[in-house]
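Enquirer: Sharing a model prediction with you, sequence too.
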Amino acid sequence: MSQQFVGAIDQGTTSTRFMVFDHRGEEKGRHQVEHEQILPQAGWVEHDAKEIWEHTREVVAKGLEAAGITAADLAAVGITNQRETTVVWDRRTGEPYANAIVWQDTRTADLAKRLDEDGSGKVIHAKSGLPPAAYFAGGKLHWILEHVDGVREDAEAGHALFGTIDTWLIWNLTGGPDGGVHVTDVTNASRTMLMNLEDLEWDDELLEIFGVPRAMLPEITSSSQEFGRTTEDGPFGAEVILAGNLGDQHAALVGQACFEPGMLKNTYGTGNFLVLNTGPEIVRSERGLLTTVAYRFGDEPPVYALEGSIAVTGSAIQWLRDQLKVFTEAADSEALAETVEDNGGVYFVPAFSGLFAPYWRSDARGVIVGLSRFNTVAHVARAALEAICYQSKDVVDVMVADSGIELEVLRVDGGITANELCMQIQADILDIEVSRPVVPETTCLGAAYAAGLAVGFWSSTDELVANWAESKRWTPKWDDEQREAGYHQWKKAVERTLGWVE
């Protein structure tokens with residue numbers, strides 16, 4: 001058995017996993033561990049970057065064991081990650097200066113508002129494809145530079161390094177303080193508000209707006225090329241080629257084999273992320289979507305995308321589980337919701353971190369409305385599943401308007417797609433068929449594909465298209481009256497969230 005597999009590290013918002021795939025894109029083995037969600041105050045969400053690194057070490061070792069292979073059997077390894085989550089660490093020691101600020105964190109909402117008001121927002125949007133928002137990494141990096149003692153001085157002296165989680169892991173995997181490689185790829189860089197979409201380089205004007213010293217930034221590479229090799233004292237215990245790097249939603253697009261312009265996928269995880277391949281063309285949205293880099297393979301021209309990002313979907317189910325103790329396992333939400341025929345008039349808008357696309361309202365907060373004494377926790381559970389699907393409809397509607405493409409099928413992936421009631425509700429609300437692939441965890445698969453393409457494990461994307469297979473399809477059952485009435489009430493519920501934070 002010699003290099004018949006490709007591995008992928010998927011560092012997500014709530015957990016870290018390692019998966020192994022064979023040439024057909026079929027899973028050989030995996031291991032996954034959750035990490036702590038640190039919530040210092042309302043609107044703040046943090047992770048311990050050192051805990052994430054330790055968990056990465058653990059899942060790699062146990063994932064290889066689960067697959068029954070060693071590092072010598074891997075042709076390459078890819079990495080995919082929660083994108084905008086921001087880490088700053090000391091290159092001399094490898095110690096983070098503070099907890100990582102997570103993409104959901106809203107502490108920089110005031111900064112985003114100021115940038116909009118002083119005109120900088122137009123420059124940021126034009127150059128980066130992103131509106132000023134607390135979501136993106138540039139504002140989080142600015143906050144760390146301004147509020148964490150010693151960081152700005154060390155950054156200007158060349159000691160402090162910035163990265164999203166992919167950069168943090170690659171640096172540690174390739175040696176850390178002892179020669180670690182400091183890189184990111186175009187997809188992650190495109191989520192910072194600091195990269196110019198046209199030339200795919202850090203932009204001096206954007207760096208000046210956010211007050212970021214260039215010396216702390218990683219090199220921007222393609223999504224599929226050799227970045228470095230793991231060290232023998234690392235989790236693989238040997239040299240393994242690191243050759244794939246994609247932000248999680250971009251990786252899912254690749255894993256779904258959406259290589260043609262006009263193909264759309266929706267990933268259901270902590271949040272929901274719809275990404276539409278627009279090919280080599282940079283398509284600007286006037287309706288609240290993000291223009292981003294879909295992927296870039298080697299020296300080929302970049303492929304761009306429109307994205308609709310939804311902050312809270314699966315994490316609303318976790319909130320019902322962990323904070324309200326409505327059920328003990330997230331999977332129990334399906335059985336509970338199935339005990340009622342409908343939502344009983346209850347609508348749940350989980351705007352815990354404000355509303356992302358297409359609203360971009362950081363002043364919004366979550367609401368549960370329409371309650372009467374008739375309602376039970378089952379109605380709330382069903383409303384939470386419907387919220388996942390209604391938020392997706394909000395994005396699909398504007399995506400169709402921006403692109404001019406009428407959708408017939410939505411390709412879906414991510415953990416929540418195991419909830420068959422939720423997928424049926426999605427088909428009902430959108431009035432289109434919903435298709436789930438055989439490998440639902442396409443984020444990991446996409447990172448593996450990027451790594452395998454770089455080293456010739458797969459010869460072209462045609463092989464990846466041939467690997468894709470459907471496991472299940474859902475057909476709409478609601479009539480037009482039910483669909484329109486439900487969406488009308490949903491929009492009323494969304495209005496109730498707005499303006500809550502002054």
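Expert: Yep, that arrived.

Enquirer: okay, CA-based contacts and neighbour counts for the rest of this
Expert: Fine.

Enquirer: Need the pLDDT of the closest residue to Val501 other than its chain neighbours.
Expert: Nearest residue to Val501 in three dimensions, chain neighbours excluded: Asp363, at 4.6 Å (Cα to Cα, 6 or more residues apart in numbering). pLDDT recorded at Asp363 is 90.

Enquirer: Kindly report the same for Glu286.
Expert: For Glu286, the model assigns a pLDDT of 82.

Enquirer: what's it in contact with, if anything?
Expert: Listed by Cα atoms under 8 Å, 6 or more residues apart in numbering, the contact partners of Glu286 are Asp402.

Enquirer: what number of residues lie near Pro301?
Expert: Residues lying near Pro301 (other Cα atoms under 10 Å) number 12.

Enquirer: Let me know how buried the residue nearest to it when sequence neighbours are not counted is, in neighbour terms.
Expert: Once flanking residues are discounted, Pro301 sits nearest to Pro280: 7.1 Å by Cα to Cα, 6+ apart. Neighbour count for Pro280, taken as other Cα under 10 Å: 14.

Enquirer: same check, this time on Glu463
Expert: 16.

Enquirer: check which helix or strand covers it.
Expert: Secondary-structure element containing Glu463, defined by DSSP states H and E: helix 461-467.

Enquirer: neighbours of the residue nearest to Val501, just the number please.
Expert: Around Asp363 there are 17 residues (other Cα under 10 Å).

Enquirer: go on, Ile170?
Expert: Neighbours of Ile170 under the rule other Cα under 10 Å: 25.

Enquirer: The nearest residue to it once chain neighbours are set aside: what's it in contact with?
Expert: Excluding the flanking residues, the one nearest Ile170 by Cα to Cα, 6+ apart is Val181, at 6.6 Å. Residues near Val181 by Cα under 8 Å, 6+ apart: Ile170, Trp171, Thr174, Gly175, Phe227, Gly228.

Enquirer: out of these, which one sits closest to Val377?
Expert: Nearest to Val377 among those is Ile170, at 43.6 Å by Cα to Cα.

Enquirer: quick one: secondary structure of the closest one?
Expert: Of the three states, Ile170 takes helix under DSSP: H, G, I helix; E, B strand; the rest coil.

Enquirer: okay, and for the protein, where does confidence drop off?
Expert: 1 (pLDDT under 70).

Enquirer: The strand or helix carrying Val395: what's the following helix or strand?
Expert: Element membership for Val395 (DSSP H and E) is helix 377-403. Elements were assigned by DSSP H and E; along the chain past helix 377-403, the next helix or strand is strand 409-413.

Enquirer: what's the angle from the next helix or strand after that following strand to strand 409-413?
Expert: Using DSSP H and E, the helix or strand that follows strand 409-413 in sequence is helix 420-430. Between helix 420-430 and strand 409-413, the angle comes out at 150 degrees (axes from the mean of the first three to the mean of the last three Cα atoms, to 10 degrees).

Enquirer: Let me know the secondary structure of Ala450.
Expert: Assignment for Ala450 (three-state DSSP): helix.

Enquirer: and the residue nearest to Val501, how far is that from Trp458?
Expert: 46 Å (Cα to Cα, to the nearest Å).

Enquirer: rewinding a little: ok, then the element right after the helix holding Glu463?
Expert: Per DSSP H and E, the first helix or strand lying C-terminal to helix 461-467 is strand 470-474.

Enquirer: The residue nearest to Gly314 when sequence neighbours are not counted: how many residues sit nearby?
Expert: Closest residue in space to Gly314, ignoring its immediate chain neighbours: Thr270 at 4.4 Å, by Cα to Cα, 6+ apart. The number of residues packed near Thr270 is 23, by other Cα under 10 Å.

Enquirer: how about the helices of the stretch 1-150 of the chain, start to end?
Expert: 49-67, 109-117, 120-128, 137-147 (DSSP state H, counting those that start in this stretch).

Enquirer: Now do the first one: which elements does it pack against?
Expert: Okay, so that is helix 49-67. Applying 3 or more Cα pairs under 8 Å, 6 or more residues apart in numbering; DSSP states H and E, we find helix 49-67 packed against strand 5-11, strand 15-21, strand 27-34.

Enquirer: For those, give me CSV that also has mean neighbour count and distance to Thr313.
Expert: Formatted as CSV, these follow (neighbours: other Cα atoms under 10 Å; distance: least, Cα to Cα, whole Å):
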stretch, mean neighbour count, distance to Thr313
strand 5-11, 30, 18
strand 15-21, 24, 16
strand 27-34, 18, 18
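
Enquirer: closest to Ile165 out of those strands?
Expert: Among the helices and strands packed on helix 49-67, strand 5-11 comes nearest to Ile165, with 7.5 Å by Cα to Cα.

Enquirer: Okay, now stretch 87-105: how far is its last residue from its first?
Expert: Taking Cα to Cα as the measure, stretch 87-105 stretches 13 Å from start to finish.

Enquirer: mind listing what's buried in that stretch?
Expert: Within stretch 87-105, the residues that qualify as buried by neighbour count (16 or more other Cα atoms under 10 Å) are 87-91, 94, 96-105.

Enquirer: ok, now stretch 409-426?
Expert: Result for stretch 409-426 [16+ other Cα under 10 Å]: buried residues 409-414, 416-417, 419, 421-426.

Enquirer: Check stretch 285-305 too.
Expert: Those would be 285, 288-298, 302-305, for stretch 285-305 by 16+ other Cα under 10 Å.

Enquirer: and what of stretch 215-228?
Expert: Using 16+ other Cα under 10 Å as the test for burial, stretch 215-228 gives Met216, Leu217, Pro218, Ile220, Thr221, Ser222, Ser223, Ser224, Gln225, Glu226, Phe227, Gly228.

Enquirer: now, which of those lie within helices?
Expert: Applying DSSP state H to those, no entry is found in helices.

Enquirer: can you redo those as CSV with distance to Gly370?
Expert: Shown next, in CSV, are the buried residues of stretch 215-228 (distance: Cα to Cα, whole Å):
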residue, distance to Gly370
Met216, 50
Leu217, 48
Pro218, 49
Ile220, 48
Thr221, 50
Ser222, 49
Ser223, 46
Ser224, 49
Gln225, 52
Glu226, 54
Phe227, 53
Gly228, 55
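
Enquirer: What is the nearest of those to Ser353?
Expert: Ser353 lies nearest to Leu217 out of the buried residues of stretch 215-228, by Cα to Cα, at 27.0 Å.

Enquirer: tell me the contacts of the residue nearest to the closest one when sequence neighbours are not counted?
Expert: Computed as Cα to Cα, 6+ apart, the closest residue to Leu217 that is not its neighbour in sequence is Phe162, at 5.6 Å. Neighbouring residues of Phe162 by Cα under 8 Å, 6+ apart: Thr86, Val87, Val88, Trp89, Leu141, Met216, Leu217, Pro218.
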